[in-house]
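Novice: here is my input, please return the structure:
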Amino acid sequence: MKVLVVGGGGREHALVWKIAQSPRVKKIFCLPGNAGIAALAQCVDIKAEDVKGLAGFAQKQGIDLTVVGPEAPLVAGIVDEFEKRGLRIFGPSKAAARIEGSKVFAKELMKKYGIPTADYRVFDDPEEAGRYIREAETPLVIKAEGLAAGKGVMVAREREEALDAVKSIMKDGIFGDSGRRVVIEEFLEGREVTVLAFCDGVTAVPMECSRDYKRAYDKDRGPNTGGMGAVSPAHYYTPDVSEYVNKNIIQKTLEAMRLEGIPFKGVLYAGLMLTSKGPKVLEFNCRFGDPETQVVVPRLKTDLVDVIEAVIEGRLSECNINWTGEKAVCVVLASAGYPGDYEKGKEIAGIEDAEGEGAMVFHAGTALKDGKIITAGGRVLGVTALGRTEEEAREIAYRAVSRIRFDGMHYRKDIGL
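Specialist: Sure thing, here's the model as predicted:
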């Protein structure tokens with residue numbers, strides 16, 4: 001079997017790493033890939049957003065199965081394009097990917113079908129949004145409607161912060177067209193958890209839960225990022241809470257999408273807040289999370305290719321999916337300045353030493369230059385470790401992190417605490 005993985009980050013490295021373990025897979029391509037993925041797959045420099053270029057490559061190479069990592073090509077309709085050409089691909093259609101591509105669509109779907117989420121208002125006029133903020137209670141959460149690489153959510157503790165957020169998104173256009181409309185939500189308090197679920201349009205099978213650390217600095221301070229680390233499982237996600245979420249959020253959302261005539265197939269990502277009034281949805285994504293994939297996928301015992309094929313063929317209910325009881329911790333190593341401006345091209349040392357400590361090092365923003373691995377992105381590496389306890393996994397991960405060096409390397413020291 002020939003498999004193509006679309007993307008080039010830590011999530012895609014984790015997926016390639018897992019897919020490579022399948023005895024059914026003979027060759028893996030990754031477009032565009034990165035320096036770490038290149039050790040497991042043939043990387044070709046076609047961008048993840050080049051839907052027609054990717055489809056043409058898959059046809060020419062006789063690819064048997066394509067797995068899409070990032071949200072942008074899914075929202076752009078890569079699944080529709082591949083299926084039109086008779087190619088097997090894992091992910092939701094363009095219409096179903098709107099659950100991530102449009103926060104307004106997702107909020108209206110939840111409101112219509114009684115799926116628990118924060119109260120909200122939608123605005124396409126910054127002046128009207130400003131008038132609402134001046135009357136509303138703070139804190140507030142301001143969200144750009146469209147895709148913003150995980151950075152389009154701003155928590156405003158004070159009224160002026162909320163007004164500044166609306167100005168940045170709607171007037172200054174920091175997220176481009178994604179910020180033409182904003183969703184303003186009530187602030188939810190509680191503990192966050194992420195639940196990814198395999199979905200075949202009818203059946204949903206939740207994966208092991210995880211917790212993502214979104215803020216740039218220790219103690220959840222600083223701006224939002226694409227994720228600075230993750231743990232799996234979240235110890236406070238009890239069986240009772242899990243049962244409630246599966247029934248009232250995951251299954252209900254899958255049913256809502258089916259009733260809307262847009263069945264969801266692929267991975268549904270539910271970002272949740274466990275509030276005093278029960279779990280509520282913070283956001284939906286239409287794909288594997290990053291860095292959540294780097295802690296969830298290593299705990300999967302079942303052949304990932306078997307699960308993916310069951311999803312595509314609509315027989316997920318027949319699939320027996322098993323997980324290891326080990327705990328996982330991932331620490332993201334970022335470039336100085338991330339999530340703002342940062343420099344590239346810094347030589348990275350110590351990756352092999354880190355792996356010698358028993359950790360998995362998933363490459364995100366890396367490239368090869370003159371035989372050396374260099375930085376090529378904001379999030380550079382994800383160092384993941386498994387352990388019998390979360391403390392053991394955390395100790396191995398941070399010991400491995402201490403072996404890696406590059407100029408300006410920044411990471412949180414409190415992942416898993």
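Novice: middle-most residue in the chain, spatially?
Specialist: For the chain, the residue sitting closest to the mean C-alpha position, by CA atoms, centre = their mean, is Gly289 at 1.9 Å.
Novice: wait, that residue sits on Val193?
Specialist: No - using CB atoms under 8 Å as the test, Gly289 is too far from Val193 to be in contact (11.6 Å). Just so you know, the C-beta spots here come from the backbone N, C-alpha and C atoms, and that holds for glycine as well.
Novice: need the residues touching each of these two.
Specialist: Shared contacts of Gly289 and Val193 (CB atoms under 8 Å, 6 or more residues apart in numbering): Ser210.
Novice: shaky segments in the protein?
Specialist: Within the chain, the set of residues satisfying pLDDT under 70 is empty.
Novice: apart from its chain neighbours, what residue comes closest to the residue nearest to the centre of the chain?
Specialist: Excluding its sequence neighbours, the residue lying closest to Gly289 (CB to CB, 6 or more residues apart in numbering) is Tyr269, at 5.1 Å.
Novice: the protein - how does it break down into domains?
Specialist: The record's domain parsing of the chain by automatic domain parsing lists 2-91, 119-186, 191-318, 327-401.
Novice: residues in contact with the residue nearest to Gly289?
Specialist: 100, 194-196, 283-289, 292.
Novice: mind checking which of the residues you listed are in helices?
Specialist: Assignment to helices by DSSP state H places the following of these there: Glu100.
Novice: just to revisit the earlier point, ok, which of the domains of the chain comes nearest Arg412?
Specialist: domain 191-318 (4.8 Å; CB to CB).
Novice: distance of Leu274 from Asp119?
Specialist: 17 Å (CB to CB, to the nearest Å).
Novice: cool, Val25 as well?
Specialist: 46 Å.
Novice: ok, the two, which is more surrounded?
Specialist: Taking other CB atoms under 10 Å, Val25 and Asp119 do not tie; Val25 has more neighbours (18 against 11).
Novice: didn't that one look like it was pressed against Val5?
Specialist: No - using CB under 8 Å, Val25 makes no contact with Val5, being 10.7 Å away.
Novice: touching both of these two, which residues are there?
Specialist: Counting by CB under 8 Å, 6+ apart, the contacts common to Val25 and Val5 are Ile19.
Novice: number of residues surrounding the nearest residue to Glu161 once chain neighbours are set aside?
Specialist: Leaving out its chain neighbours, the residue that sits closest to Glu161 by CB to CB, 6+ apart is Met154, at 7.6 Å. Residues near Met154, counting by other CB under 10 Å, number 20.
Novice: swap in Arg157?
Specialist: Neighbour number of Arg157 under other CB under 10 Å is 11.
Novice: ok, it touching Glu137?
Specialist: No - under the criterion of CB under 8 Å, Arg157 is not in contact with Glu137, lying 11.7 Å apart.
Novice: quick one: contacts for the spatially closest residue to Gly33 that is not a sequence neighbour?
Specialist: Nearest residue to Gly33, sequence neighbours excluded (CB to CB, 6+ apart): Cys43, at 3.0 Å. Residues in contact with Cys43 (CB under 8 Å, 6+ apart) are 8, 29-34, 37.
Novice: now secondary structure too, for those, in a markdown table please.
Specialist: Output for these, formatted as a markdown table (DSSP: H, G, I helix; E, B strand; the rest coil):
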| residue | secondary structure |
| --- | --- |
| Gly8 | coil |
| Phe29 | strand |
| Cys30 | strand |
| Leu31 | strand |
| Pro32 | strand |
| Gly33 | coil |
| Asn34 | coil |
| Ile37 | helix |
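Novice: what would the residues you listed look like in a markdown table with neighbour count and distance to Asp407?
Specialist: Output for the contacts of Cys43, formatted as a markdown table (neighbours: other CB atoms under 10 Å; distance: CB to CB, whole Å):
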| residue | neighbour count | distance to Asp407 |
| --- | --- | --- |
| Gly8 | 29 | 22 |
| Phe29 | 22 | 32 |
| Cys30 | 26 | 27 |
| Leu31 | 24 | 29 |
| Pro32 | 17 | 24 |
| Gly33 | 28 | 24 |
| Asn34 | 26 | 19 |
| Ile37 | 29 | 23 |
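Novice: of the residues you listed, which pair is most distant in space?
Specialist: Going by CB to CB, the pair spanning the contacts of Cys43 furthest: Phe29 and Asn34, at 13.4 Å.
Novice: for Ile142, what are phi and psi?
Specialist: Dihedral pair for Ile142: phi -110, psi 130, per degrees, to the nearest 10.
Novice: now do the contacts for the residue nearest to it when sequence neighbours are not counted.
Specialist: Closest residue to Ile142 apart from its sequence neighbours, by CB to CB, 6+ apart: Ala165 at 4.0 Å. Each residue near Ala165 by CB under 8 Å, 6+ apart is listed here: 142, 154, 156.
Novice: okay if I get those residues as JSON lines plus distance to Ile184?
Specialist: Below are the contacts of Ala165 laid out as JSON lines (distance: CB to CB, whole Å):
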{"residue": "Ile142", "distance to Ile184": "6"}
{"residue": "Met154", "distance to Ile184": "10"}
{"residue": "Ala156", "distance to Ile184": "9"}
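Novice: between those residues, which is closest to Gly377?
Specialist: Met154 (22.4 Å).
Novice: for this structure, identify the residue most remote from the centre.
Specialist: Farthest-from-centroid check, the chain (CA atoms, centre = their mean): Glu135, 34.2 Å.
Novice: relative to Ala144, how far out is it?
Specialist: 22 Å.
Novice: now Lys94
Specialist: Applying CB to CB to Lys94 and Ala144 gives a distance of 20 Å.
Novice: neighbour count winner among those two?
Specialist: Ala144 (25 against 18).
Novice: so what's that one up against?
Specialist: With CB under 8 Å, 6+ apart, Ala144 has these contacts: 103, 152-153, 169, 175, 178-179, 182.
Novice: now it: closest residue in space that isn't a chain neighbour?
Specialist: Leaving aside its sequence neighbours, Ala144 is closest to Gly152 (3.8 Å, by CB to CB, 6+ apart).
Novice: so who does that neighbour touch?
Specialist: Each residue near Gly152 by CB under 8 Å, 6+ apart is listed here: 143-144, 146, 169, 175, 178-179.
Novice: nearest to Leu417 among these?
Specialist: Among the contacts of Gly152, and counting by CB to CB, the member closest to Leu417 is Lys143, at 27.8 Å.
Novice: returning to that earlier point: wait, is the residue nearest to Glu161 part of a strand?
Specialist: Yes - Met154: assigned to a strand according to three-state DSSP.
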